[in-house]
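K.L.:
Okay, predicted coordinates and the sequence, questions at the end:
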Amino acid sequence: MLRVHFSAEDLLDIRFAAEPMPLVELCLALAAWQRTDRPGVFARWRRQVARELPADARPLLELLRPDGDNPGFVEPPVRDLDAALDAVREGGRRLPYEDLVRAASRSRNGGDPGGWLRALWEQDREAWALLERSLRSAHAALIAPRWCEIRQSFRADVAWRTRMLAGHGIKATLAGTHPDARWSGTTFEVPGPPHFETGLGGHGLTLIPSAFWTGRPLLGRLPDGSHLLIYPALTPLPLVAPAGADGSLDALLGRTRAAVLQQLTDRRTTTELARDLGISLPSVSEHTRTLRAAGLITTEREGKAVLHAATGLGVDLLRSGG
């Protein structure tokens, strides 16, 4: 069972991550792929992974567990891929041997981390080079081509739960991260292995929805000592419409305007919208003006930046429009 003890200070210091993390998503994808209780919606995705996962990425399967209890050093919560790979190497310098024993316990080695795993612990240069190649190769095959959809899933979930937080409070919002989640006083509980119990110690909690994970929420730590909770996003990856796909929302708003609204499940500047959608700044301004007049987004100034975000009506329209 997962048991997380909150203090009053912790309950006042809960936030959402700004973006998905590439290596966190990669490790959860590979862990989830190994599970035998995958929902039917993932059946086609599993077949794709079986075809697309390169041979030089398969050593990762010796590290990543189907239950998501992965060695923390291999999935740092860092938003940039190169910086995340640097963090993997830095974390590896302090690699606990127990992490490798736990990873090997589900492998053919029967709990004895020999060969490549032991070489990692012994700081063998070739073993660490193999790990970086494996991570880069798996990311290029499984995450990079789907990054836009992963971000869509992430942002839609954050937008929805932010509204739930405003309407029902933090306890209901956290309880909604898993069907079996519950509260016992100020302790958040979710049944199921592996057992993990901790207090947040007044450091707060960061919430991260995952497009791949469907198991029990997972708890990790950030470099500042605070915790993060990774949970299944409302819309898993196979149900996210590819960017630019035709649909009722495109027909209603126009493809570019619908794409602008989809981007605004998280606050974005005019410049960020222009960059991510590949359109001009004047075009972004025109589309945001129209969406704002329809009550679908809000616009506010922070210093020199102009920030746009979807309203509750805008989020409801995105959900109903697929």
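P.N.:
Looks like it came in fine.
K.L.:
got a list of contacts for stretch 146-153?
P.N.:
19-20, 22, 25, 143, 209, 211, 233-237, 240-243, 262, 265 (CB atoms under 8 Å, 6 or more residues apart in numbering). For every residue, glycine as well, the C-beta is placed using N, CA and C.
K.L.:
Following element in sequence after whichever helix in the chain runs longest, please.
P.N.:
If you go by DSSP state H, the chain has its longest helix at helix 147-168. Where DSSP states H and E defines the elements, the next helix or strand beyond helix 147-168 is helix 170-175.
K.L.:
packing partners for that next one?
P.N.:
For helix 170-175, the elements it packs on are helix 147-168, strand 182-184, judged by 3 or more CB pairs under 8 Å, 6 or more residues apart in numbering; DSSP states H and E.
K.L.:
Make TSV from the ones you listed and add mean pLDDT to it.
P.N.:
Shown next, in TSV, are the helices and strands packed on helix 170-175 (pLDDT from 0 to 100):
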stretch	mean pLDDT
helix 147-168	85
strand 182-184	94
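K.L.:
Could I get those in TSV, plus columns for distance to L253?
P.N.:
As requested, those are exported to TSV (distance: least, CB to CB, whole Å):
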stretch	distance to L253
helix 147-168	16
strand 182-184	40
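K.L.:
okay, these, which one's buried deepest?
P.N.:
For the helices and strands packed on helix 170-175, the largest average neighbour count (mean count of other CB atoms under 10 Å) is found in helix 147-168, namely a mean of 19.
K.L.:
Point out where the stretch 201-322 of the chain drops to low pLDDT.
P.N.:
Within the stretch 201-322 of the chain, the stretches with pLDDT under 70 are 241-248, 250-251, 320-322.
K.L.:
Please enumerate the strands of it.
P.N.:
205-210, 218-221, 227-232, 268-269, 297-302, 305-310 (DSSP state E, counting those that start in this stretch).
K.L.:
could I get those strands as CSV with mean neighbour count and distance to L117?
P.N.:
Listed next are the strands of the stretch 201-322 of the chain as CSV, based on neighbours: other CB atoms under 10 Å; distance: least, CB to CB, whole Å:
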stretch, mean neighbour count, distance to L117
strand 205-210, 23, 25
strand 218-221, 18, 21
strand 227-232, 22, 24
strand 268-269, 20, 42
strand 297-302, 14, 48
strand 305-310, 18, 45
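K.L.:
measure L252 to Q263 for me?
P.N.:
17 Å (CB to CB, to the nearest Å).
K.L.:
more neighbours, those two?
P.N.:
Q263 (20 against 11; other CB atoms under 10 Å).
K.L.:
That one touches L273, doesn't it?
P.N.:
Yes - counting by CB atoms under 8 Å, L273 is a contact partner of Q263 at 5.8 Å.
K.L.:
what's the residue most central in space within the chain in contact with, if anything?
P.N.:
For the chain, the residue whose C-alpha lies nearest the mean C-alpha position (CA atoms, centre = their mean) is S210; its distance is 3.5 Å. By CB under 8 Å, 6+ apart, the contact list for S210 reads P20, V24, E25, L28, I230, Y231, P232, A233.
K.L.:
And the pLDDT at the fourth one?
P.N.:
Looking at L28, its pLDDT reads 94.
K.L.:
Can you show me the CA trace of the one helix or strand it maps to as PDB?
P.N.:
Following DSSP H and E, one finds L28 within helix 22-33. What follows is helix 22-33, C-alpha atoms only, in PDB (Å, rounded to 0.1, in the frame of the first residue of the first chain):
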ATOM      1  CA  PRO A  22      11.000  12.900 -20.900                       C
ATOM      2  CA  LEU A  23      12.900  10.200 -18.900                       C
ATOM      3  CA  VAL A  24      10.100   9.800 -16.400                       C
ATOM      4  CA  GLU A  25       7.700   9.200 -19.300                       C
ATOM      5  CA  LEU A  26      10.200   6.800 -21.000                       C
ATOM      6  CA  CYS A  27      10.800   4.700 -17.900                       C
ATOM      7  CA  LEU A  28       7.100   4.500 -17.100                       C
ATOM      8  CA  ALA A  29       6.300   3.600 -20.700                       C
ATOM      9  CA  LEU A  30       8.800   0.700 -20.600                       C
ATOM     10  CA  ALA A  31       7.700  -0.400 -17.100                       C
ATOM     11  CA  ALA A  32       4.000  -0.300 -18.200                       C
ATOM     12  CA  TRP A  33       4.800  -2.200 -21.400                       C
END
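K.L.:
Please enumerate residues in contact with that helix?
P.N.:
So helix 22-33 is in contact with 38, 42, 46, 49, 60-61, 64-68, 70, 74-81, 84-85, 88, 135, 138-139, 142-143, 147, 150, 208, 210-215, 230, going by CB under 8 Å, 6+ apart.
K.L.:
Same check on stretch 215-227?
P.N.:
2, 4, 32, 35, 67-69, 72, 75, 77, 177-178, 180-181, 190-192, 196, 198, 200-201, 203-206, 228-232.
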